[in-house]
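In: Only the shape, not the letters, is given here:
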């Protein structure tokens, strides 16, 4: 329930009270105040942006190219991105009219939900999910309708679970695969069933594929590339995870031209354009970044196998994540809740993780471990976790 306005907070919009503070940032803040903490809580690559890529930013400054770009972003970047997506997934977008460069996927979410949500419109969101999805829907006066994914199904959503939640107010189905926090991927057969469901009920699909290049053992399924889905899908992506470019803040949205025109209205008034220097870095990443992507992928895979095998050995049941750089083990065997486990682990053993309940329904009794620290740091953290678990089991 919305708190009764006081003299101090009567000016705050009611929608703000519907949103909880981020559970990720809470534990990040605790870790920052404690010595000798190994943080496995923040999903940020430990790699720096490769030098040949970030050099493009310095070069643009030296050339004096520091002015605004077009609202939709550098045309060269959009053209190269269109080639990139077609080469990888066989989906063809026009650089003019169907693509827009954004300030990370975060701004893309703002543009998309702000443009499609009338007050009360419903967006179906599988959980556990990234902490920003539901708040961004609420900030747009939409209604997030959650559907819980379960560990026994490898946290993969199905059309059969989604369909009962569809109402006359449903506007779209939101998908975030590879998934943060679970590391789950959406298989092609399930994706095709969801595509048929979207067609049957005339719904949009909003697909956040920010981890598309960090998939292990099976090809990534680009939703827009499925038969008949390009014009019904709003594709979100970016450079933060694949190219270790989190701080450069470059994302993108691809969609039907009429939808894109609506997104662009919000984008042009909110930010004008994504940072110019960062866009030149993103362009260089697409031009020369493949060897770096492959090297980072191999290292993440090595860490993934270490983390999953170690967690299972110590009695924390963990399904094998197939994407991103997260493991999502259950802590139920310890007798602690996920909040208790995370709080005691950081206090007693100086390892920071995030309680699964921070990511919505289905996350309870789990913790998220981000294996984007160095292999050596992960080994130390796992020994500390093992020591802590041994006291409980």
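Out: That came through fine. The structure displayed is predicted, hence computed values, not measured ones. Residues are numbered from 1 along each chain as shown.

In: How are the helices of the protein distributed by residue range?
Out: Using DSSP state H, the helices of the chain run over 14-17, 23-32, 51-62, 75-89, 104-116, 133-139, 159-162, 188-201, 257-270, 276-288, 290-313, 338-349, 375-390.

In: Any buried residues in the fourth one, and which?
Out: Judged by neighbour count using 16 or more other C-beta atoms under 10 Å, the buried positions of helix 75-89 are 77, 78, 79, 80, 81, 82, 84, 85, 89. For glycine as for every other residue, the C-beta is placed from the backbone atoms N, C-alpha and C.

In: residues in contact with that helix?
Out: By C-beta atoms under 8 Å, 6 or more residues apart in numbering, the residues outside helix 75-89 that reach it are 72, 91-96, 99, 101, 212, 220, 222, 224-225, 252, 254, 279-280, 282-283, 286-287.

In: What mean pLDDT does it get?
Out: Across helix 75-89, pLDDT averages out at 98.

In: and what of the longest one?
Out: Averaging the model's pLDDT scores along helix 290-313 yields 98.

In: same thing with the first one?
Out: The average of the pLDDT scores along helix 14-17 is 86.

In: Nearest to residue 243, out of the helices of the chain?
Out: Closest approach to residue 243 among these (C-beta to C-beta): helix 276-288, 4.4 Å.

In: Now do the buried residues in that closest one.
Out: By 16+ other C-beta under 10 Å, the buried positions in helix 276-288 come out as 276, 277, 278, 279, 280, 281, 282, 283, 284, 285, 286.

In: which of those residues lies closest to residue 189?
Out: residue 286 (30.5 Å).

In: ok, that closest one - contacts?
Out: Going by C-beta under 8 Å, 6+ apart, the list of residues near residue 286 reads 77, 80, 81, 84.

In: gap between the first one and residue 213?
Out: If I follow you right, that is residue 77. Distance of residue 77 to residue 213, computed by C-beta to C-beta, to the nearest Å: 17 Å.

In: Over to residue 11: give its phi and psi.
Out: phi -90, psi -10 (degrees, to the nearest 10).

In: what's around it, how many residues?
Out: By the measure other C-beta atoms under 10 Å, the count of residues near residue 11 is 7.

In: Check residue 196 too.
Out: So residue 196, with other C-beta under 10 Å, has 15 neighbours.

In: Give me the nearest residue to it, chain neighbours excluded.
Out: Distances taken as C-beta to C-beta, 6 or more residues apart in numbering place residue 159 nearest to residue 196, at 7.0 Å, with adjacent residues excluded.

In: Ranking helices and strands of the protein by mean pLDDT, which lands last?
Out: Lowest on mean pLDDT, DSSP states H and E among the helices and strands of the chain sits helix 23-32, with a mean of 66.

In: was I right about residue 221 contacting residue 194?
Out: No - look at residue 221 against residue 194 with C-beta atoms under 8 Å: they stay out of range, at 10.5 Å.

In: Can you check which residues contact both of those two?
Out: In contact with both residue 221 and residue 194: residue 186, using C-beta under 8 Å, 6+ apart.

In: So if I had to pick from these two, which one is more boxed in?
Out: Comparing residue 221 with residue 194 by other C-beta under 10 Å, the one with more neighbours is residue 194, at 27 against 23.

In: Quick check: closest non-adjacent residue to that one.
Out: Using C-beta to C-beta, 6+ apart, the nearest residue to residue 194 is residue 159, at 4.9 Å.

In: returning to that earlier point: would you reformat the helices of the chain as TSV and include distance to residue 39?
Out: Shown next, in TSV, are these (distance: least, C-beta to C-beta, whole Å):
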stretch	distance to residue 39
helix 14-17	28
helix 23-32	5
helix 51-62	24
helix 75-89	32
helix 104-116	21
helix 133-139	23
helix 159-162	33
helix 188-201	33
helix 257-270	31
helix 276-288	25
helix 290-313	14
helix 338-349	9
helix 375-390	9
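
In: for these, which one sits closest to residue 248?
Out: The nearest among these, by C-beta to C-beta, is helix 276-288 at 4.1 Å.

In: In contact with residue 95, which residues?
Out: Under the criterion of C-beta under 8 Å, 6+ apart, the neighbours of residue 95 are 75, 78, 79, 81, 82.

In: What is the neighbour count of residue 217?
Out: 9.

In: you'd agree it is up against residue 305?
Out: No - in this structure residue 217 lies outside contact range of residue 305 using C-beta under 8 Å: 10.8 Å.

In: what's around the closest residue to residue 277 other than its chain neighbours, how many residues?
Out: Leaving aside its sequence neighbours, residue 277 sits nearest to residue 57 (C-beta to C-beta, 6+ apart; 4.5 Å). Residue crowding around residue 57 was assessed by other C-beta under 10 Å; the count is 20.

In: before we move on, what about residue 236?
Out: Residue 236 sits with 26 neighbouring residues when counted by other C-beta under 10 Å.

In: Over to residue 47?
Out: As a burial measure, residue 47 scores 16 neighbours (other C-beta under 10 Å).

In: got it, and residue 342?
Out: The tally of other residues near residue 342 (other C-beta under 10 Å) stands at 27.

In: Tell me how far it lies from residue 222.
Out: From residue 342 to residue 222 the distance is 34 Å (C-beta to C-beta).

In: give the contact list for the nearest residue to residue 386 once chain neighbours are set aside.
Out: Among residues not flanking residue 386 along the chain, residue 314 sits closest, at 4.8 Å (C-beta to C-beta, 6+ apart). The neighbours of residue 314, taking C-beta under 8 Å, 6+ apart as the test, are 385, 386, 389, 390.

In: OK, contacts around residue 74?
Out: Neighbours of residue 74 in contact, by C-beta under 8 Å, 6+ apart: 101, 276, 279, 280, 283.

In: Pipe the residues you listed into CSV and attach pLDDT and distance to residue 301 per row.
Out: Converted to CSV, the contacts of residue 74 look like this (pLDDT from 0 to 100; distance: C-beta to C-beta, whole Å):
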residue, pLDDT, distance to residue 301
101, 98, 29
276, 98, 34
279, 98, 30
280, 98, 30
283, 98, 27
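
In: Noted, bye for now.
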